[in-house]
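*Asks:* everything below, folded, please.
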Amino acid sequence: VQLVESGGGLVQPGGSLRLSCAASGFTFSSYAMSWYRQAPGKARELVAAITSAGGSIYYADSVKGRFTISRDNAKNTVYLQMNSLKPEDTAVYYCKVVIGTIRGNYNYWGQGTQVTVSS
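*Replies:* Take a look at the predicted model:
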């Protein structure tokens, strides 16, 4: 399993970024995907999640109305469109997949991509 995030960077408050997470090593279209973030000195938190076919989506209250999660199962990629960015959105953003086996559930994480919102 490999997850590779991209698209982070430095953006001014009110700006936008689109994060991508390219997945490989598993049947992408069969699994829900999620985005997490971790700010300095804070715990990692769930930002958004999407089911395998995209029929159900979750957003943290802090990003509702500003962020949009989506996926392209033909490209094995999940996206996070981030609009109206605020300084408090500054964090390392990670994508995650949970894959279940008979031995249990395993969490797989990408390496993360830094998002910095600052003027």
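*Asks:* tell me if S29 really is in a helix.
*Replies:* Yes. With the criterion set as DSSP: H, G, I helix; E, B strand; the rest coil, the secondary structure at S29 is a helix.
*Asks:* what's the neighbour count on it?
*Replies:* 14 (other Cβ atoms under 10 Å). The C-beta positions use only the backbone N, C-alpha and C, and glycine is treated the same way.
*Asks:* the one 10 residues further on now?
*Replies:* Taking other Cβ under 10 Å as the criterion, the count of residues near A39 is 14.
*Asks:* if you skip the residues just before and after it, what's nearest to it?
*Replies:* Counting by Cβ to Cβ, 6 or more residues apart in numbering, A39 lies nearest to A91, which is 4.2 Å off, once chain neighbours are set aside.
*Asks:* per-residue confidence at the one you found?
*Replies:* At A91, the model reports a pLDDT of 98.
*Asks:* look at it and say how many residues are nearby.
*Replies:* Residues contacting A91 under the criterion other Cβ under 10 Å number 22.
*Asks:* please list all residues in contact with it.
*Replies:* By Cβ atoms under 8 Å, 6 or more residues apart in numbering, the contact set of A91 is 37-39, 42, 114-115.
*Asks:* how long is stretch 61-78 from one end to the other?
*Replies:* From its first residue to its last, stretch 61-78 covers 20 Å (Cα to Cα, to the nearest Å).
*Asks:* now it, how far from the chain's geometric center?
*Replies:* With Cα atoms, centre = their mean, to the nearest Å as the basis, stretch 61-78 stands 7 Å off its chain's centre.
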